[in-house]
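>>> heads up, no residue letters with this:
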């Protein structure tokens, strides 16, 4: 398993495939723009949210090699922290982003040392059950402390809109797309340009080999896990700005993140951007067809299943 | 030594039995992890404490035993079993979710203990499962059925349009969450309003289920250009829907929300201003109902916070209704208690006097109407019924600021 951070090479023989897919994408975009331009807008926004949430999970899976099924619940905890920062200290979620991320990173480190670290050599099923249990514990703890009632900040800027012709649409959600791109680029720079990042990459690719050359694998795992939890904490703070929070808000995002990571391929952070775009747009387009909104989840998972099956067949052929 | 031990044990058992004879036990189930369920439990306990402080009922103290049904059918059934067989309660009360209530019906029928239900609106499942009189005469349903609610909304809008001639409703759009609650709301509303109004709707994925994008349903609503826009979802959808409506510049003349509960501090949001809602109780009723004022002040004093939904007032009422009926019946024997409950005329904190009359299937239905309210200056004000109206209607919804 490895984190893919370089641009995939395209040989001359496959150039026509790239041109074809690009042309198809352009044609599809033009068709959607003519039929329902807002489907494109909201699809990109939705894709941004999915990608921003999924990228930290991909980081953990690609380097530490565990699926963190408490991922969405950690985002939920961060959102609650940001909520209290807003209510008690008057901090806007975007201002609270850094302190919340730091607190969450410390929490992530603690969770790693107490639980994750001891399961690294265990079977993958054990790791799944462990993180699943962590997720349940977090959501139930929050439920006990604060009940199931939803909390929501009322922020004026989340209703910001733009008008093109006679169509008005919200623009705040582009923040998620920006966050996703920033996360992907930032991680790419970190993993390829910094000593610690390169060490993390090496550990992700070959932990034994990394240990032989003197990299402290355990410490690297701890750092990466804490970093990922810190990043999802930052996303949680932004999430609070627009969304209502309640103890179970994170669960659906764990599932979608896991599916996106599976679809993009383990450790393929940039791939998550493309996959999120495909899924976000397809969801948005299906939602825009009257009477078919209930099919958006079906289409979402159908695309994932098809992608994984196609990849499996290709790998088998190779 | 052994004889002394046996004597002490017998004495202890007798003492417990004697003590137990001075207590009337009420057994309740609510989802305690849910804020509405928790408030029900607190409100019911408040009522019990008040009654006991005033001397109890028939010289006996009331004791409330609450079991958490966790909002799940199997836990709800287990709650009833425990309350009846282990705690040996005299009367049952409680419930919120229809899904839990329908699961409990077979067990309730097995014991046929007098039950005063504070929840369950789904008539197609719960009322049908209960069946007609005399098989369900032990069941007293306080909460209005879904068709009761729909009918009251129909009457309410009719009355509002008559009182306020500038309010004209011809087109109604219902945005509904795609689950059972939303779908049944849409079906019931379409059946009720479809004959008189031009009615349409579309579904959305609730934030409770991981949704966050209401653009499609709001675009459909905008295209439809309704006079009355209603959304049926959950508390998690309330503010995001309004925020997105503002971003899309969708402001129908009447914007109404129909969630089971609202988010904390909803009233503090400027977006809530002049939004309408369906409900059964609001603090504004304190201004016109001494019973509501008494309940509200006592609840705030006891718990430190205000109730967030009508369930608290409903549960409080349930305890008082039971206590009053036990007093008139002279005991908790079902043969005497049922006729006593049938004669109930309880001036409730909900701004109405509760009596029991037949509904479509069962014999003992309490409340049959909801209220139409409007957020004004951060408070839910009653617009209809006019007997408990607290402020005049603000119409139409002003442009988004």
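Received the coordinates, thanks. If you're wondering where the values come from, they're calculated on a predicted model, not measured in any experiment. Numbering: from 1, shown residues only, chains lettered A, B, ... in the order given.

>>> List the residues that contact residue A:98.
residue A:234 (C-beta atoms under 8 Å, 6 or more residues apart in numbering or on different chains). For every residue, glycine as well, the C-beta is placed using N, CA and C.

>>> Tell me which residue is most central in chain B.
Computing the C-alpha centroid of chain B and ranking residues by C-alpha atoms, centre = their mean puts residue B:311 first, at 4.3 Å.

>>> Go ahead and confirm that one touches residue B:41.
No. Residue B:311 lies out of contact with residue B:41 (C-beta atoms under 8 Å); the separation is 10.1 Å.

>>> what separates the nearest residue to residue B:342 once chain neighbours are set aside from chain A, distance-wise?
Using C-beta to C-beta, 6 or more residues apart in numbering or on different chains and skipping residues adjacent in sequence, the residue nearest residue B:342 is residue B:356, 5.8 Å away. For residue B:356, the distance to chain A equals 31 Å [C-beta to the nearest C-beta, to the nearest Å].

>>> Please identify the residues of the stretch 1-150 of chain A in proximity to chain B?
The stretch 1-150 of chain A has residues A:38, A:42, A:45, A:46, A:49, A:143, A:144, A:147, A:148, A:149, A:150 near chain B, with proximity defined as C-beta under 8 Å from any C-beta of the partner chain.

>>> State the pair within the residues you listed that is farthest apart.
Pairwise distances across those (C-beta to C-beta) peak at 40.7 Å, for the pair A:38 and A:144.

>>> More neighbours: which of those two?
Ranked by neighbour count (other C-beta atoms under 10 Å in any protein chain shown), residue A:38 and residue A:144 place residue A:38 first, with 21 against 11.

>>> which stretch of helix or strand covers the more buried one?
helix A:37-63 (DSSP states H and E).

>>> Now do the same contact list for the residue nearest to the centre of chain B.
So residue B:311 contacts B:36, B:37, B:39, B:40, B:43, B:96, B:118, B:119 (C-beta under 8 Å, 6+ apart).

>>> wait, which of the residues you listed is closest to residue A:208?
When the contacts of residue B:311 are compared for distance to residue A:208 (C-beta to C-beta), residue B:37 wins out at 53.0 Å.

>>> do the helix or strand harbouring the closest one and chain A meet?
In the assignment (DSSP H and E), residue B:37 maps to helix B:35-53. Yes. Contact of helix B:35-53 with chain A (C-beta under 8 Å from any C-beta) involves B:35, B:38.

>>> average model confidence for that helix?
Across helix B:35-53, pLDDT averages out at 96.

>>> buried ones in that helix?
Within helix B:35-53, the residues scored as buried using 16 or more other C-beta atoms under 10 Å in any protein chain shown are B:35-48, B:50-52.

>>> show me the contacts for residue A:101.
Neighbour list for residue A:101: A:78, A:230, A:231, A:233, A:234, A:237 [criterion: C-beta under 8 Å, 6+ apart].

>>> if we go to 7 Å?
For residue A:101, the contact set (C-beta atoms under 7 Å, 6 or more residues apart in numbering or on different chains) comprises A:230, A:231, A:233, A:234.

>>> so residue A:57 makes contact with residue A:70?
No. At 10.1 Å, residue A:57 does not count as touching residue A:70 under the criterion of C-beta atoms under 7 Å.

>>> And the strands in the stretch 51-200 of chain A?
For the stretch 51-200 of chain A, applying DSSP state E, counting those that start in this stretch gives strands covering A:161-164, A:167-170.

>>> For residue A:226, the count of nearby residues, please.
21.

>>> Give me the distance between it and chain B.
For residue A:226, the distance to chain B equals 27 Å [C-beta to the nearest C-beta].

>>> Let me see the contact set for that residue.
Counting by C-beta under 7 Å, 6+ apart, residue A:226 has contacts A:105, A:108, A:109, A:112.

>>> quick one: which helix or strand includes it?
For residue A:226, the enclosing helix or strand under DSSP H and E is helix A:217-242.

>>> re the thing from before, could you give the separation of the helix holding residue B:37 from the chain centroid?
Centroid separation between helix B:35-53 and its chain, computed with C-alpha atoms, centre = their mean, to the nearest Å, is 15 Å.

>>> Could you do stretch A:271-283 as well?
On C-alpha atoms, centre = their mean, the centre of stretch A:271-283 falls 11 Å from the chain's centre.

>>> what do you get for stretch A:91-109?
Relative to its chain's centre, stretch A:91-109 lies at 17 Å (C-alpha atoms, centre = their mean).

>>> Check stretch B:155-165 too.
25 Å.

>>> try stretch B:291-305
18 Å.

>>> Can you give me the pLDDT of the residue of the stretch 101-250 of chain B found nearest chain A?
At 2.6 Å from chain A, residue B:210 is the closest residue in the stretch 101-250 of chain B, using C-beta to the nearest C-beta. Here the pLDDT value assigned to residue B:210 is 84.

>>> which residue sits closest to it in space, ignoring its chain neighbours?
Using C-beta to C-beta, 6+ apart, the closest residue to residue B:210 is residue A:252 (2.6 Å).

>>> Just list the residues touching the one you found, thanks.
A:72, B:209, B:210.

>>> Can stretch B:259-274 be said to contact chain A?
Yes. Using C-beta under 7 Å from any C-beta of the partner chain, stretch B:259-274 reaches chain A at B:263, B:264, B:268, B:269, B:270, B:271.

>>> hmm, which of those are the buried ones?
B:263, B:264, B:269, B:271.

>>> Check the secondary structure at the first one for me.
Of the three states, residue B:263 takes coil according to DSSP: H, G, I helix; E, B strand; the rest coil.

>>> Which pLDDT value belongs to it?
pLDDT, residue B:263: 84.

>>> I figured residue A:56 was touching residue A:233, is that so?
No. Residue A:56 lies out of contact with residue A:233 (C-beta under 7 Å); the separation is 9.0 Å.

>>> Residue 307 - how many residues pack around it?
Using chain A here. So residue A:307, with other C-beta under 10 Å, has 18 neighbours.

>>> I was thinking of chain B, sorry if that wasn't clear
Applying other C-beta under 10 Å, we find 26 residues neighbouring residue B:307.

>>> can you give me how far the helix or strand bottoming out on mean pLDDT in chain A is from the chain middle?
With mean pLDDT, DSSP states H and E as the measure, the helix or strand of chain A carrying the lowest mean pLDDT is helix A:15-35 (a mean of 81). Averaging C-alpha positions (C-alpha atoms, centre = their mean) puts helix A:15-35 26 Å from its chain's average.

>>> quick one: it to helix A:37-63, angle?
140 degrees (axes from the mean of the first three to the mean of the last three C-alpha atoms, to 10 degrees).
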